[in-house]
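S.K.: sharing a sequence plus its predicted fold:
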Amino acid sequence: MGRRKNDKIIILALAGLFAAIITVSTMMIRIPTPTKGYINLGDCFVNIAGWLLGGVYGGAAAGIGSALSDLFGGYTVYVLPTFIIKGLMAVAAFALYKVLSKKAPNFVGRIVSAIAAEIVMIVGYAVFEAFLYGSVATALTGVPGNIVQGIGGASFGVLLYEGVIAWIPAAKGLAAARK
């Protein structure tokens, strides 16, 4: 088995692991919001999945893990939108970080890309909930909760990555390969 095939197997296994981590971290702490959603810690790992695994595998892990948490938690109407929104978040985190890492320090690139990913989440759920509830005003009641979730997800994601993950040699190599 060649090196390239081993790398693909490792990335696929890590994507499955991240999907599981995202599912569990999303379900562990749930603070309800007015639009029947909830604030959680999953976004922290959605961003990290994008940074470590790249757009395709990170996006798949983020979308699958987050959608499974909605499915298991009884939020079935949110499963498909969550899959799309969280997948796009990881893609945004990866793509923007990839561009910024060439021009700015890693820490700055992670902060900016995490904020952009969280904006994707805030806007994505506001648009979906406007359709779901037939009211932009009702959808906007969920925005403050999503902003709080976004701040937490971006902050914890950057701190966890820069404080722990960036110091793990295998993670450094994986992240470097994704740039």
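M.R.: Thanks, I have it.
S.K.: use CA for all of it now, contacts and neighbours both
M.R.: Noted.
S.K.: low-confidence ranges, this protein, go.
M.R.: Within the chain, the set of residues satisfying pLDDT under 70 comprises 1-3, 35-37, 172, 175-179.
S.K.: so which elements touch the lengthiest helix in the chain?
M.R.: Ordering each helix of the chain by length in residues (DSSP state H) puts helix 42-72 first. Applying 3 or more CA pairs under 8 Å, 6 or more residues apart in numbering; DSSP states H and E, one finds that helix 42-72 contacts helix 3-28, helix 79-100, helix 106-133, helix 143-163, helix 169-178.
S.K.: most packed of these?
M.R.: helix 79-100 (a mean of 24; mean count of other CA atoms under 10 Å).
S.K.: what about that one, distance to the chain center?
M.R.: In terms of CA atoms, centre = their mean, to the nearest Å, the centre of helix 79-100 is set 6 Å apart from its chain centre.
S.K.: ok so, going back, format the helices and strands packed on helix 42-72 as CSV; extra columns: distance to Gly59.
M.R.: Output for the helices and strands packed on helix 42-72, formatted as CSV (distance: least, CA to CA, whole Å):
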stretch, distance to Gly59
helix 3-28, 9
helix 79-100, 4
helix 106-133, 11
helix 143-163, 15
helix 169-178, 13
